[in-house]
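> I'd like to go over a predicted model; first the sequence, then the structure.
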Amino acid sequence: MAAPSRVPTSPTQAKHYSSPPRRSGSWRAERPGETIGAAHPSGPALGNPGPDQGYVLTLAADLKGQLVLAPGEHAADVMAGACAVALRRASMFGRGPMCEDLEMALTLFGFLSEADDGLVEMRRKLFAEVHHTTVHYFATREIADRVDAEMLKGRLEKAKKAVERDWRSAFGGNE
C-alpha cells in the first residue's frame, strides 16, 4: 500500500508501486449491483434507496417530544415506522431526508395531534413492535408502502388539510 504524500520517506528509497497515468477505455457500470440507466428494482423487502438515510435518526430524535400517542402506543415503534415513510418520501425526490419528510409521515398517521379513533385503531395494529427491525422489517416496509405515493409527493400543508378532512385520503381512501 502506498504511503500518503505527507509521510516523509528516504529520498534514496526505491518506489515499490506507482499507479498508471490513466486507465485505458471508458468506465462502464458492469458490476452486478449497478442500476445506471435502469430503474431501481422494486418489490418486497427492497426498500427505497437514497443518500444519507441515517440522518433521519437525528431528525427523529428532535421530533420525538412532539408525539401525541394513544394508550398502548410506543414512541420507539412510531419513530421506526415514521422513519420508513420519511425515507420513502425523500427517495422519491432523490435526496436525503429532511425534517419535512418526517413531519409528513407523522402527520399522515395522526401522531402530531389528536387522531380519529379509526386511525388510532389502524395504526396501533400497524406499528406494534416495529422498532424491533430485525424481526419486523416487513411490517415496517408495509407501513411505508401503505401511504399513497401521490400524497407523499405533495406538500406538507396540503397533506395536513387532506388528513383533517378525511384521514383515509392518505392511504388511497381504502382503509
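Good, I have the coordinates.
> and the helix ranked longest in the chain, which residues are buried?
Ranked by number of residues, the top helix in the chain under DSSP state H is helix 75-92. Going by neighbour count (16 or more other C-beta atoms under 10 Å), the buried part of helix 75-92 is 77-91. Placement of C-beta: from N, CA and C, glycine included.
> likewise stretch 114-124?
So for stretch 114-124, counting by 16+ other C-beta under 10 Å, buried means Ala115, Leu119, Val120, Met122, Arg123.
> what does stretch 36-56 give?
Those would be Gly47, Asn48, Gly50, Gln53, Val56, for stretch 36-56 by 16+ other C-beta under 10 Å.
> what's the closest non-adjacent residue to Asp148?
Counting by C-beta to C-beta, 6 or more residues apart in numbering, Asp148 lies nearest to Gly172, which is 4.6 Å off, once chain neighbours are set aside.
> Point to the residue nearest the middle of this structure.
Residue closest to the average C-alpha location in the chain (C-alpha atoms, centre = their mean): Leu87, at 1.8 Å.
> just checking, it touches Asn48?
Yes. Counting by C-beta atoms under 8 Å, Leu87 touches Asn48, with 5.8 Å between them.
> List the residues that are in contact with both of these two.
Shared contacts of Leu87 and Asn48 (C-beta atoms under 8 Å, 6 or more residues apart in numbering): Ala144.
> Check whether Pro4 sits in a helix, strand or coil.
Per DSSP: H, G, I helix; E, B strand; the rest coil, the local secondary structure of Pro4 is coil.
> could you pull out the helices for the protein?
All helices of the chain, identified by DSSP H, fall at 55-63, 75-92, 99-108, 117-127, 137-146, 149-153, 156-165.
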